[in-house]
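Asks: A predicted structure for the sequence below; I have some questions about it.
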Amino acid sequence: MAEVDELQRQLLASQNRDGGWPFVKGSSWTEPTALALLALRLHDRSPGACQAAAHWLEQSQNPDGGWRPNDAVPTSTWVTSLAILALPNTGAKAGDWLTRHVYKKTGGSCWFPGTASWVTPTATAILALSRLDNARFAAPIEQSRQFLLNRRCRDGGWNHGGSSFRSENAVSYPETTGLALLALAGVPSEHLTTALQLSDEFLKNPASMEGLSWLQMGLAARGRKMEDCESRFRPRNVRDISLRLLALAALEGRTL
């Protein structure tokens, strides 16, 4: 597939010598590295680059079990979820870090420890904990799902979700709606009818490559058959390239 080949070429050209990826240029960060590794693996491309990226991620894990965003920010944060998804043999210690940061009162997760809950870190935590396949993570997964269901906007989708009041009274975003649907793949579709209808509408005119990609992944996880609308967006960074590759894999039945 010509697009996959070109996107892979762009990814490999931007990989740092240490095995990680920057967002655009410069030092390696956990988020783009994990997404790039996921994308290459789902397309079964460039095992050498994948091995180097996996090594970089493994070396970046903190003693507490979580991952730091990069070497300049030593604290473990939400990017732990992406590292778990990218490293299939991650131990339960990383899952334990995530569960310690699922707030018992709300069921949500935060970008940075001790701060408010948001939709994106909560959704990625669900995906990561589900990947670990350990019975003791069932309760925090269910708590996190309830957080997402409680943070829906009036139109049925999701935005940032920082507080129930603002979430209910604001419009949804394509990217967070698609990501939330992906994380809620275990919830029956009849409970998400308005979110699915909204996603179909978003797909007619997505606002960005990120929005298009997450929508396609979220709907594909529901078994939706979609014709790929040729992306009119140019990738702005490594995250965009990786998400587009992940979406193309999802359209072929290979999901996170």
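Replies: Nice, I can see it.

Asks: any idea how far residue 46 is from residue 109?
Replies: In this view, residue 109 and residue 46 are 31 Å apart by C-beta to C-beta, to the nearest Å. Using the backbone N, CA and C atoms, a C-beta is placed for each residue, glycine as well.

Asks: just want to know which of those two has more residues nearby.
Replies: residue 109 (30 against 18; other C-beta atoms under 10 Å).

Asks: contact partners for the more buried one?
Replies: Each residue near residue 109 by C-beta atoms under 8 Å, 6 or more residues apart in numbering is listed here: 78, 98, 101, 102, 103, 117, 118, 121, 122, 124, 125, 144.

Asks: is it correct that the fourth one is in contact with residue 108?
Replies: Yes. In terms of C-beta atoms under 8 Å, residue 102 counts as a neighbour of residue 108; the distance is 7.3 Å.

Asks: shared neighbours of those two, anything?
Replies: Common neighbours of residue 102 and residue 108 (C-beta under 8 Å, 6+ apart) are 122, 144.

Asks: low-confidence stretches in the stretch 151-256 of the chain?
Replies: Along the stretch 151-256 of the chain, the model assigns pLDDT under 70 to residues 162-169, 229-231.

Asks: neighbours around residue 115, how many?
Replies: Residues lying near residue 115 (other C-beta under 10 Å) number 13.

Asks: just the buried positions in stretch 245-254, please.
Replies: Within stretch 245-254, the residues scored as buried using 16 or more other C-beta atoms under 10 Å are 245, 246, 247, 248, 249, 250, 251.

Asks: in stretch 126-145, what's buried?
Replies: 126-132, 137, 140-141, 143-145.

Asks: centre of the chain to that stretch, how far?
Replies: What separates the centre of stretch 126-145 from the centre of its chain is 15 Å, taken as C-alpha atoms, centre = their mean, to the nearest Å.

Asks: using the three-state scheme, assign the residue lying closest to residue 93 once chain neighbours are set aside.
Replies: Sequence neighbours aside, residue 65 is the residue nearest to residue 93 in space, at 3.8 Å (criterion: C-beta to C-beta, 6 or more residues apart in numbering). Three-state assignment for residue 65 (DSSP: H, G, I helix; E, B strand; the rest coil): coil.

Asks: look up the pLDDT of residue 65 for me, please.
Replies: We have a pLDDT of 97 for residue 65.

Asks: dihedrals phi and psi, it?
Replies: Backbone torsions of residue 65, given as degrees, to the nearest 10, read phi 100, psi -20.

Asks: also residue 110?
Replies: phi -110, psi 160.

Asks: that one: how many residues sit nearby?
Replies: Residue 110, neighbours per other C-beta under 10 Å, totals 18.

Asks: that one contacts residue 78, correct?
Replies: Yes. At 6.8 Å, residue 110 counts as touching residue 78 under the criterion of C-beta under 8 Å.

Asks: which residues do the two both contact?
Replies: Here residue 110 and residue 78 have residue 121 as joint contacts, going by C-beta under 8 Å, 6+ apart.

Asks: list the buried residues for stretch 95-108?
Replies: In terms of neighbour count (16+ other C-beta under 10 Å), stretch 95-108 has its buried residues at 95, 96, 97, 98, 99, 101, 102, 103, 106, 107, 108.

Asks: min pLDDT across the residues you listed, which one?
Replies: Ranked by pLDDT, the buried residues of stretch 95-108 bottom out at residue 106 (92).

Asks: quick check: the gap between it and residue 59.
Replies: In this view, residue 106 and residue 59 are 33 Å apart by C-beta to C-beta.

Asks: and what of residue 66?
Replies: Counting by C-beta to C-beta, the gap from residue 66 to residue 59 is 14 Å.

Asks: thanks a lot, see you next time.
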